[in-house]
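J.: Have a look; sequence and predicted model below, questions after that.
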Amino acid sequence: MSMFTICPSCCGETQGNVEQQEGTYIKIKQVSAACGYERFWQNQPMLYRNMPACNLLLSGAIHFSGCMATQTIRMLKLLGLQCISVGTFFRHRRLYTIPTIVQAWQNEQAGIIRELKEMGGGLILSGDCRSDSPGHCAKYGTSSLIEDRINKVLDLQLVQSSEVPSSTSCELEGLKRSIVFLKEQHMQVSALITDRNRQVAKWHIGKSQKKALDAAAKERECEDLKLWRPAIINHLYWTAASTPDGDPDVMEAKTSMNTALLHFPAVHIHLWREKQGTRSGWNQEQLQPLNWRGLLMAALHFNHNSSREVAQTSDGEVRYAVRYPRFCKGGWVVRPIKAKPSYAYAAALIESLSEGYSRSSETLRESSAVLSSTAPAPLSTSCQEIAKDEAVGLYLARHSRFNTGN
């Protein structure tokens with residue numbers, strides 16, 4: 001407040017008083033008793049409907065950067081910085097930032113579709129589904145399709161387990177919705193690659209073979225088998241990759257070329273002929289719980305960084321890193337280091353948020369209402385409700401049995 005102690009008119013002593021404070025916004029009134037000078041000062045401009053600009057932009061920056069709102073706001077308050085509340089952030093997210101993300105994704109998707117139509121030819125798609133929790137109790141299943149020629153996410157579908165007979169059906173339902181969407185856009189699919197394709201199933205077979213070889217290597221006089229494991233698995237991959245038509249006779253002949261590697265005492269690993277299931281035993285790192293429309297942010301991030309170049313040193317040499325992944329069981333792999341990802345899309349979202357709110361905040365609110373109406377109902381809506389007082393009474397009655405002796 002020291003900047004308001006001197007009158008800019010008569011240079012006399014003045015006093016500044018805080019007239020209004022709202023989140024990051026502050027308004028100060030300065031009055032000079034000597035000359036009667038009076039002015040109002042505010043630290044930021046006001047947007048439509050008296051919305052402080054920094055309040056809205058702070059909510060957008062937290063959301064678009066992927067930060068946890070509660071932790072970020074708590075950190076700012078610990079530093080003594082004036083900021084918005086957690087409730088204000090979630091209100092801004094529901095009404096303004098989520099519609100901005102959805103509009104950006106729709107524009108991104110429309111641009112990709114135009115690019116593919118100009119390119120011509122049928123689509124070559126790779127698709128998979130990821131659940132929000134491992135096992136068979138997932139609430140959401142996110143199905144995505146990537147166009148392999150341009151390496152960008154073409155469509156993203158989220159299926160709630162209540163919309164299908166079981167959570168394991170989310171993948172198929174998401175794929176069906178994506179195909180229907182592409183047909184509506186008059187696009188033809190030439191190839192579709194999923195984890196049920198036999199060319200991809202070799203990965204699942206390779207994993208089971210690794211486990212079988214590791215178990216056999218623990219047997220007496222079979223320790224050297226562990227040294228042959230990479231060669232055996234690579235031979236399996238080569239057999240599948242070098243036979244694009246999937247001819248079983250040719251693949252078996254290629255396997256027979258190296259029977260010394262594929263047969264060991266008490267180990268028979270011709271598992272690639274067996275029928276595979278529809279699930280993988282590989283549990284990927286799970287995302288933290290968040291609003292499901294945040295997945296669109298992940299798609300935007302992927303599309304804007306899918307063609308990153310390899311990082312180079314100051315001398316122009318390509319940078320590499322030696323990694324020791326867990327699945328290699330103590331082995332190592334060499335991977336090129338990619339350039340740092342770009343977050344230019346987040347800056348564009350901030351600009352779109354500011355322009356969209358200033359131009360028509362009601363449009364964003366209407367979009368928010370439409371999105372809320374199209375979202376599937378929570379799983380709890382299918383449960384039979386009970387009055388809170390009744391539930392608390394039953395809870396206390398059940399636990400009172402353990403307190404009778406007190």
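T.: The structure has been received and is ready for your questions.
J.: And the strands in the stretch 51-200 of the chain?
T.: With DSSP state E, counting those that start in this stretch as the criterion, the stretch 51-200 of the chain has strands at 123-131, 140-147, 152-160, 189-193.
J.: and the last one, which strands flank it?
T.: Within its sheet, and counting by DSSP bridges, strand 189-193 is paired with strand 123-131 (parallel).
J.: Longest helix in this protein, please.
T.: Ranked by residue count, the top helix of the chain under DSSP state H comes out as helix 344-374.
J.: For that helix, enumerate the helices and strands it packs against.
T.: For helix 344-374, the elements it packs on are helix 53-65, helix 98-119, helix 294-305, judged by 3 or more CB pairs under 8 Å, 6 or more residues apart in numbering; DSSP states H and E. Where you see a C-beta, it was placed from the backbone N, CA and C, and this is true even at glycine.
J.: Highest mean neighbour count across those, which stretch is it?
T.: helix 53-65 (a mean of 21; mean count of other CB atoms under 10 Å).
J.: of all the strands of the stretch 51-200 of the chain, which lies closest to Lys27?
T.: Evaluated over the strands of the stretch 51-200 of the chain, closeness to Lys27 peaks at strand 152-160, with 42.7 Å, by CB to CB.
J.: I'd like to know which elements the closest one is packed against.
T.: Using 3+ CB pairs under 8 Å, 6+ apart, strand 152-160 sits against helix 98-119, strand 140-147, helix 170-184, helix 294-305.
J.: Would you list the strands that the second one pairs with, along with their directions?
T.: The one in question is strand 140-147. Sheet pairing for strand 140-147, assigned by DSSP bridges, gives strand 123-131 (antiparallel), strand 152-160 (antiparallel).
J.: sorry, back to before: helix 98-119 and the longest helix of the chain, what's the angle between them?
T.: On the basis of axes from the mean of the first three to the mean of the last three CA atoms, to 10 degrees, helix 344-374 is oriented at 110 degrees to helix 98-119.
J.: buried ones in helix 344-374?
T.: 345-346, 349-350, 352-354, 356-357, 361, 364, 367-368 (16 or more other CB atoms under 10 Å).
J.: which of the residues you listed lies closest to Lys183?
T.: Ser367 (25.4 Å).
J.: Please give me every residue in contact with the nearest residue to the closest one once chain neighbours are set aside.
T.: Distances taken as CB to CB, 6 or more residues apart in numbering place Pro99 nearest to Ser367, at 3.8 Å, with adjacent residues excluded. By CB atoms under 8 Å, 6 or more residues apart in numbering, the contact list for Pro99 reads 356, 364, 367-368, 371.
J.: Return the member of the residues you listed nearest to Gln71.
T.: Ser368 (24.6 Å).
J.: got the contacts of Pro99 as TSV, with pLDDT and distance to Leu57 columns?
T.: Shown next, in TSV, are these (pLDDT from 0 to 100; distance: CB to CB, whole Å):
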residue	pLDDT	distance to Leu57
Gly356	88	12
Leu364	82	14
Ser367	79	19
Ser368	76	18
Leu371	72	22
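J.: that older thread, quick one: contacts of the following helix or strand past the longest helix of the chain?
T.: Where DSSP states H and E defines the elements, the next helix or strand beyond helix 344-374 is helix 388-399. Contacting residues not belonging to helix 388-399 are not present [CB under 8 Å, 6+ apart].
J.: now the stretch 101-250 of the chain, which segments are flagged as low pLDDT?
T.: In the predicted model of the stretch 101-250 of the chain, residues 132-137, 196-204 satisfy pLDDT under 70.
J.: again, only using 80
T.: Applying pLDDT under 80 to the stretch 101-250 of the chain flags residues 131-139, 166-168, 195-210, 221, 223-229, 233, 236-237, 240-241, 244-248.
J.: my read: Ala53 touches Asn43, true?
T.: No - between Ala53 and Asn43 there is no contact under CB atoms under 8 Å: 10.0 Å.
J.: Next, Arg308: secondary structure please.
T.: Of the three states, Arg308 takes coil under DSSP: H, G, I helix; E, B strand; the rest coil.
J.: thinking again about what came up before, columns mean neighbour count and distance to Cys83 on top of the strands paired with strand 140-147, output as JSON lines?
T.: Compiled in JSON lines, the strands paired with strand 140-147 are given as follows (neighbours: other CB atoms under 10 Å; distance: least, CB to CB, whole Å):
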{"stretch": "strand 123-131", "mean neighbour count": "19", "distance to Cys83": "34"}
{"stretch": "strand 152-160", "mean neighbour count": "22", "distance to Cys83": "31"}
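J.: quick one, which of these is nearest to Asp247?
T.: Among the strands paired with strand 140-147, strand 123-131 comes nearest to Asp247, with 21.9 Å by CB to CB.
J.: Mind listing residues that contact the closest one?
T.: 116, 138, 140-149, 154, 167, 170-171, 174-175, 178, 182, 187-195, 284.
J.: ok, back up a step: the strands of the stretch 51-200 of the chain into a markdown table, with extra columns for distance to Glu309?
T.: Formatted as a markdown table, those follow (distance: least, CB to CB, whole Å):
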| stretch | distance to Glu309 |
| --- | --- |
| strand 123-131 | 22 |
| strand 140-147 | 19 |
| strand 152-160 | 16 |
| strand 189-193 | 25 |
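J.: Which one, of the ones you listed, ends up nearest to Ile112?
T.: Between Ile112 and those, the shortest gap by CB to CB is with strand 152-160, which sits at 5.7 Å.
J.: ok, and what's touching the closest one?
T.: Counting contacts by CB under 8 Å, 6+ apart, the residues outside strand 152-160 that touch it are 105, 109, 112-113, 116, 123, 125, 139-147, 170, 173-175, 177-178, 181-182, 292, 295-296, 299, 302-303, 306, 376, 379.
J.: pretty sure Leu182 is touching Ser190, no?
T.: No - Leu182 is beyond contact range of Ser190, at 11.7 Å (criterion: CB under 8 Å).
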